[in-house]
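sequence? don't have it. structure:
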């Protein structure tokens, strides 16, 4: 039998904490979907997981209005990331538990487990064998040899990050180079037996890069003609078309039948100044600027800037300056930069340099910097630095801090650094710190050790231990001073702005021995003992 009664204040307090219906609310009621029904609730109540509860300083909602549940301060811990609909409630044992997403890290896990935090992502990882890179855990075997390449982890003993961002190259750093495509795609490749073709590595022994496409190289004499690989011993390329060298000749960018008197792939065509054309034996003669010239034995002709040079004696490559004047040079050890030749294999700021001996830094006004003795040469704005032992903070190169070795002696250089500084401070105040052994809080570095990094958190510009402390508005307080068991998941508003409970009379429905409170619209919610 169902009996509807009105309880006094004493009975109501024994069943549930509640605020008065008017409760001093100045805002209109809100809607909570209770069992699929739109149900109103006011400022003295909360909607959690599709149910309405009276506001209390003993519990709060873990999760949200649609997917959530109550958790009790002190005795429980709520793990509910803001970016997800998931939540979990755990018992608080007071042993330094820590949320990682909806997972819980307890004291037994701390000797090898930590939380890998990323944008809208938290995951557990083993910090002894895995690297946390951009919120993703990567197995590297031993983290003392691990490093991040953007958001990808790798073992630097047999891998590298030659492009400064993913993908990781399965090549040691000393043998790796970055291969870039015209549209910005990158990949690493080894200098031993590989070449770069528009962002892709290829086998120089069996493949050929032709018009930014990789093709099979069938013979040593393969060449490239407008994206088509051809045999230079039996074919020729004329105006981007492949022809039969035994039947055709290229003359004035036109494929014309070969003169029977001149046969073989050594035949060429020369167009004179008056427009007439003549075939010739290119092994004995050469045509340059409308003139046919006999060649010395063992030499080839190279027309550069309208002038004739001999190759190999003069060189094998042509460099033309802004005035149209050509200069021949040897591509083995020299390069053409802005119309001028010099020793090197690359150009930096219009000047030649050897890429293995220096690093080009500085953009349009680039300068070559000596990288001798550096493990991982990198650019910091307009200067070079060794990113293995140094850190670029802002626009300054700073030495990496020293950390303790296995015997506890502080004499090893850190290889895992980030820059620390206040968000409103200038770049020249930034300092590097080892993120495995130190913490950066509000621009101040604290050397707390590996265990400290795992156990402590930042509160403004200081650290605190949530086992017996809590943080509110960038200030640390002792949990015991506020009768709290620990400093985890503290509701700062409830601690410093307690709201008085205004008891009211409420209708309840008794069904057998079950007691439930009836909301103003008739929705029934379980009471709390």
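It's in. Because the structure is predicted, anything quoted here is derived from the model rather than measured.

measure the spatially closest residue to residue 189 that is not a sequence neighbour to residue 111 for me?
Nearest non-adjacent residue to residue 189, counting by C-beta to C-beta, 6 or more residues apart in numbering: residue 201, 3.4 Å away. Bear in mind the C-beta positions are built from the backbone N, C-alpha and C, glycine included. Residue 201 is 41 Å from residue 111, where distance means C-beta to C-beta, to the nearest Å.

Looking at these two now, which is surrounded by more residues?
residue 201 (20 against 11; other C-beta atoms under 10 Å).

Wait, that one touches residue 195, no?
Yes. Judged on C-beta atoms under 8 Å, residue 201 makes contact with residue 195 at a distance of 7.2 Å.

what touches both of those two?
Taking C-beta atoms under 8 Å, 6 or more residues apart in numbering as the criterion, residue 201 and residue 195 both touch residue 189.

Now do the same contact list for residue 172.
Residue 172 sits in contact with 157-160, where contact means C-beta under 8 Å, 6+ apart.

Look at residue 320 and say how many residues are nearby.
Neighbour tally, residue 320, other C-beta under 10 Å: 14.

Sorry, slip of the keys, the one I care about is residue 406.
A count of neighbours around residue 406, defined by other C-beta under 10 Å, yields 7.

do the one 3 residues further on as well
Taking other C-beta under 10 Å as the criterion, the count of residues near residue 409 is 9.

so what's it scoring on pLDDT?
With respect to pLDDT, residue 409 scores 87.

and what of residue 476?
Reported pLDDT for residue 476: 93.

Can you read off the pLDDT for the nearest residue to it once chain neighbours are set aside?
Of all residues not flanking residue 476 in the chain, residue 464 sits nearest, at 4.4 Å (C-beta to C-beta, 6+ apart). You'll see residue 464 listed with a pLDDT of 93.

gap between residue 464 and residue 452?
11 Å.

So which of the two has more stuff around it?
Neighbours per residue (other C-beta under 10 Å) separate residue 464 from residue 452, with residue 464 holding more: 20 against 15.

number of nearby residues for residue 411?
That count, for residue 411 with other C-beta under 10 Å as the rule, works out to 9.

element containing it?
strand 410-413 (DSSP states H and E).

Contacts for that strand next, please.
By C-beta under 8 Å, 6+ apart, the list of residues contacting strand 410-413 from outside reads 389, 399-405.

now with 6 Å?
389, 400, 402-405 (C-beta atoms under 6 Å, 6 or more residues apart in numbering).

Name the next helix or strand following it along the chain.
strand 417-420.

just to revisit the earlier point, what strands flank the strand holding residue 411, and is each parallel or antiparallel?
When pairing is defined by DSSP bridges, strand 410-413 lines up against strand 402-404 (antiparallel).

Show me where this protein dips below the pLDDT cut-off.
Filtered on pLDDT under 70, the chain yields the residue ranges 1-23, 218-221, 252, 259-267, 364, 423-425, 498-529.

any idea which residue sits dead centre in it?
When C-alpha atoms, centre = their mean is applied to the chain, the residue found nearest the centroid is residue 150 (2.9 Å).

what's the distance between the closest residue in space to that residue that isn't next to it in sequence and residue 187?
Nearest residue to residue 150, sequence neighbours excluded (C-beta to C-beta, 6+ apart): residue 165, at 4.3 Å. Applying C-beta to C-beta, the value for residue 165 to residue 187 is 11 Å.

How far does stretch 421-438 stretch from one end to the other?
14 Å (C-alpha to C-alpha, to the nearest Å).

List the buried residues in that stretch.
421, 430-434, 436-438 (16 or more other C-beta atoms under 10 Å).

Need the contact partners of it.
The contact list for stretch 421-438 (C-beta under 6 Å, 6+ apart) reads 391, 393-395, 398, 400-401, 403, 414, 416-420, 440, 442-443, 445, 447, 449-450.

residue boundaries of the helices in the stretch 401-529 of the chain?
Under the criterion DSSP state H, counting those that start in this stretch, the stretch 401-529 of the chain contains helices at 449-455, 492-496.

Please produce TSV containing these, extended by distance to residue 217.
Formatted as TSV, the helices of the stretch 401-529 of the chain follow (distance: least, C-beta to C-beta, whole Å):
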stretch	distance to residue 217
helix 449-455	52
helix 492-496	70
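
Surely residue 151 and residue 134 touch.
Yes. In this structure residue 151 lies within contact range of residue 134 using C-beta atoms under 6 Å: 2.8 Å.

quick one: terminal-to-terminal distance for stretch 335-345?
6 Å.

dump the residue contacts of residue 153.
Residue 153 touches 131, 133, 138, 140, 146, counting by C-beta under 6 Å, 6+ apart.

Number of residues surrounding the third one?
Residue 138 is surrounded by 21 other residues when neighbours are defined as other C-beta under 10 Å.

Name the residues linked to the closest residue to it other than its chain neighbours by a beta bridge.
Leaving aside its chain neighbours, residue 138 sits nearest to residue 153 (2.9 Å; criterion: C-beta to C-beta, 6+ apart). Beta-bridge pairing of residue 153 under DSSP bridges involves residue 148.

What pairs with the helix or strand where the residue nearest to residue 189 lies, parallel or antiparallel?
Element membership of residue 201, judged by DSSP H and E, is strand 200-203. Strand 200-203 has the following sheet partners, assigned by DSSP bridges: strand 194-197 (antiparallel).

The residue nearest to residue 463 when sequence neighbours are not counted - how many residues pack around it?
Using C-beta to C-beta, 6+ apart and skipping the chain neighbours, the partner closest in space to residue 463 is residue 456 (4.5 Å). Residues near residue 456, counting by other C-beta under 10 Å, number 20.

next one: the one 10 residues further on
When counting by other C-beta under 10 Å, one arrives at 20 neighbours for residue 466.

Residue 401 too?
Neighbour number of residue 401 under other C-beta under 10 Å is 19.

so what's it up against?
414, 434.

still on that earlier bit, which ones among the buried residues of stretch 421-438 map onto strands?
Filtering these for membership in strands, criterion DSSP state E, returns 431-434, 438.

between those, which is nearest residue 69?
residue 438 (37.8 Å; C-beta to C-beta).

Okay, now the sheet partners of the helix or strand just after the strand holding residue 201, with direction.
Counting by DSSP H and E, the next helix or strand C-terminal to strand 200-203 is strand 207-210. Using DSSP bridges, the strands paired with strand 207-210 in its sheet are strand 213-216 (antiparallel).

Off-centre distance for the partner strand?
When distances are taken as C-alpha atoms, centre = their mean, to the nearest Å, strand 213-216 is centred 31 Å away from the chain's centroid.
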